[in-house]
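**Student:** what's the 3D shape of this:
(one chain, ligands or ions: 2)
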Amino acid sequence: MTILVTGGAGFIGSNFVLGWLAQSDEPVVNLDKLTYAGNLQNLVSLNGDTRHVFVQGDFGDAALVQSLLARQQPRAIVNFAAESHVDRSISGPSEFIQTNIVGTFTMLEAVRAYWGALDAPAKASFRLLHVSTDEVYGSLAKAEAAFTETHRYEPNSPYSASKAASDHLVRAYHHTYGLPVLTTNCSNNYGPFHFPEKLIPLMIVNALAGKPLPVYGDGQQIRDWLYVRDHCSAIRRALQAGQPGETYNVGGWNEMPNLDIVHTVCALLDELKPRADGKPYKDQITFVTDRPGHDRRYAIDARKIEQQLGWKPAETFATGILKTVQWYLDNQAWVTNVQSGAYRDWVAKQYGAQPAA
Ligand code: NAD
Ligand code: DAU
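**Tutor:** Numbers count the residues shown, from 1 in each chain. Ligands and ions are numbered 1, 2, ... in the order given. You can find the predicted model right below:
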């Protein structure tokens, strides 16, 4: 038995691969294009481990995916591969359309052909789990109830629109062809190996480098934060016990305004690695121009996965954020490594005219 993971060298994918092989000997074939966001350093602890087979390639390359499926005969696929950064989708949407929509479609076609040729028992037990986001539901007003699985789709950014389109394709392949799919829609993740273009790792890395901490707009946008290893355990559980054709919302019951997140990170760094001048890291906070079309609030109602599959997060925000900040302090070499030329170009483009550069 083998599973195929796409995008398994990215932030969540690499945590998933490491978590999978920590609790099972079932091999993982990891197909990743290694874009700027894919990093084999995340998987260095698996060097020499024959249970992990890494293949560099595009999940939208039909011939490659067909031959991989024929050779490896996976019993399940977990699809993480995507362009994932909202700000990049605003400054350059085309890659998001190509990867998240066309790539997912091409992979679905290859999977449909592979699955269609399996014998009856293998066909019945096969699963494709598509990893998606709460952003497909759009933005909530302050008093509105959290997103349930039946909330209307109302994506607002090129990223969330492309993820919504991929969710619809996955759904259609179940309804039309009977492909046994599962979709998980998760809230904001944080934890080890998070690329420092996203809020929490950017704040940690900038704080330690003595740089400004760029908060968009008034900093009162709300996200629902989940420790990445809890997201991975939810995916494992959905793969094991989820009903084909169903979607499951995954979240941490942990809504927080961005400014509170930044203050929490600063306070932890004050304790764990005080500034040389004795001043608080929060002095580095700088309010910058808001993200265009910025969603005000996301919140996940995670009762379905809890009640139907018995999944709950293990970490609170207090325990998860402490582990995360400590991980970045302990892994400064990883940070230096990912701050490649491409990363520096992005920072210059995104924050160039503003003090965070
Ligand atoms: P990431 O950007 O860190 O990683 C994406 C990975 O996909 C990278 O390793 C990249 O090299 C790979 N990839 C990109 N295009 C590819 C292609 N064409 N073929 C093969 N591999 C390709 O993203 P992430 O934060 O780990 O997110 C993973 C998935 O989870 C995405 O689908 C994202 O939409 C979803 N998600 C993310 C979050 C979050 O908070 N980060 C929350 C909910 C859902
Ligand atoms: O909700 C799930 C989504 O969470 C995932 O689908 C996406 O892949 C993931 O990137 C994340 O999207 P966000 O846009 O919510 O994450 P990001 O870390 O980019 O931003 C979090 C919040 O912080 C958001 O309100 C914008 C704000 N922000 C972000 C950056 C990078 C800032 O204020 N300053 C910044 O420099």
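**Student:** distance between the ends of stretch 279-294?
**Tutor:** 32 Å (Cα to Cα, to the nearest Å).
**Student:** renumber starting at 384 from here on
**Tutor:** Got it, the first residue is 384 from now on, which makes the last one we talked about stretch 662-677.
**Student:** name the residue most distant from the centre of this protein?
**Tutor:** D660 (36.0 Å; Cα atoms, centre = their mean).
**Student:** what's the burial count for the residue of the stretch 584-733 of the chain found nearest ligand 1?
**Tutor:** Ligand 1 sits closest to H614 of the stretch 584-733 of the chain, with a gap of 7.1 Å, by Cβ to the nearest ligand atom. C-beta coordinates here come from the backbone N, C-alpha and C atoms, glycine included. When neighbours are defined as other Cβ atoms under 10 Å, H614 has 26 of them.
**Student:** mind telling me what element L552 is part of?
**Tutor:** Counting by DSSP states H and E, the element that carries L552 is helix 541-560.
**Student:** for ligand 2, what's its nearest residue on the stretch 384-533 of the chain.
**Tutor:** Residue nearest to ligand 2 within the stretch 384-533 of the chain: T516 (3.1 Å; Cβ to the nearest ligand atom).
**Student:** wait, what's in contact with that residue?
**Tutor:** Counting by Cβ atoms under 8 Å, 6 or more residues apart in numbering, T516 makes contact with 543, 546, 568-569.
**Student:** helix, strand, or coil at the residue of the stretch 584-733 of the chain closest to ligand 1?
**Tutor:** Judged by DSSP: H, G, I helix; E, B strand; the rest coil, the three-state class of H614 is helix.
**Student:** same check on L417?
**Tutor:** For L417, the secondary structure call by three-state DSSP comes out as coil.
**Student:** quick one: neighbours of it, just the number.
**Tutor:** L417 has 14 nearby residues by other Cβ under 10 Å.
**Student:** before we move on, what about I605?
**Tutor:** Neighbour count for I605, taken as other Cβ under 10 Å: 18.
**Student:** circling back to that earlier point, export the contacts of T516 to CSV and tack on neighbour count and distance to ligand 2?
**Tutor:** Putting these into CSV (neighbours: other Cβ atoms under 10 Å; distance: Cβ to the nearest ligand atom, whole Å) gives the following:
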residue, neighbour count, distance to ligand 2
S543, 26, 7
K546, 29, 7
N568, 23, 9
C569, 26, 7
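**Student:** so which of the residues you listed is the closest to T531?
**Tutor:** N568 (10.1 Å; Cβ to Cβ).
**Student:** torsion angles phi and psi at the closest one?
**Tutor:** Backbone torsions of N568, given as degrees, to the nearest 10, read phi -110, psi 110.
**Student:** just to revisit the earlier point, check which helix or strand the residue farthest from the centre of the chain maps to.
**Tutor:** Going by DSSP H and E, D660 is not in any helix or strand.
**Student:** sorry, back to before: may I see the buried residues of the helix holding L552?
**Tutor:** Going by neighbour count (16 or more other Cβ atoms under 10 Å), the buried part of helix 541-560 is 541-550, 552-554, 556-557.
**Student:** widest-spaced pair of those residues?
**Tutor:** Most distant of those, by Cβ to Cβ, are P541 and H557, 25.4 Å apart.
**Student:** isn't S570 right up against I683?
**Tutor:** Yes - look at S570 against I683 with Cβ atoms under 8 Å: they come within range, at 4.6 Å.
**Student:** what is in contact with these two at once?
**Tutor:** Listed as contacting both S570 and I683 by Cβ under 8 Å, 6+ apart are 517, 607, 633-635.
**Student:** figure out how far the helix or strand of the chain with the lowest mean pLDDT is from the centre of its chain.
**Tutor:** Here the helix or strand of the chain ranked lowest by mean pLDDT, DSSP states H and E is helix 724-734, holding a mean of 79. In terms of Cα atoms, centre = their mean, to the nearest Å, the centre of helix 724-734 is found 21 Å from the chain centre.
**Student:** what does that helix contact?
**Tutor:** Outside helix 724-734, the residues touching it (Cβ under 8 Å, 6+ apart) are 419, 470-471, 474, 579-580, 597, 671, 739-740.
**Student:** residue contacts, the closest residue to ligand 1 within the chain?
**Tutor:** Nearest to ligand 1 in the chain, going by Cβ to the nearest ligand atom, is G393, at a distance of 2.0 Å. Taking Cβ under 8 Å, 6+ apart as the criterion, G393 is in contact with 415, 420-422, 463-464, 467, 578.
**Student:** how about a cut-off of 10 Å?
**Tutor:** By Cβ atoms under 10 Å, 6 or more residues apart in numbering, G393 lies in contact with 399, 415-418, 420-422, 425, 463-465, 467, 576-578.
**Student:** list phi and psi for it.
**Tutor:** Dihedral angles phi and psi of G393 (degrees, to the nearest 10) take the values phi -90, psi -170.
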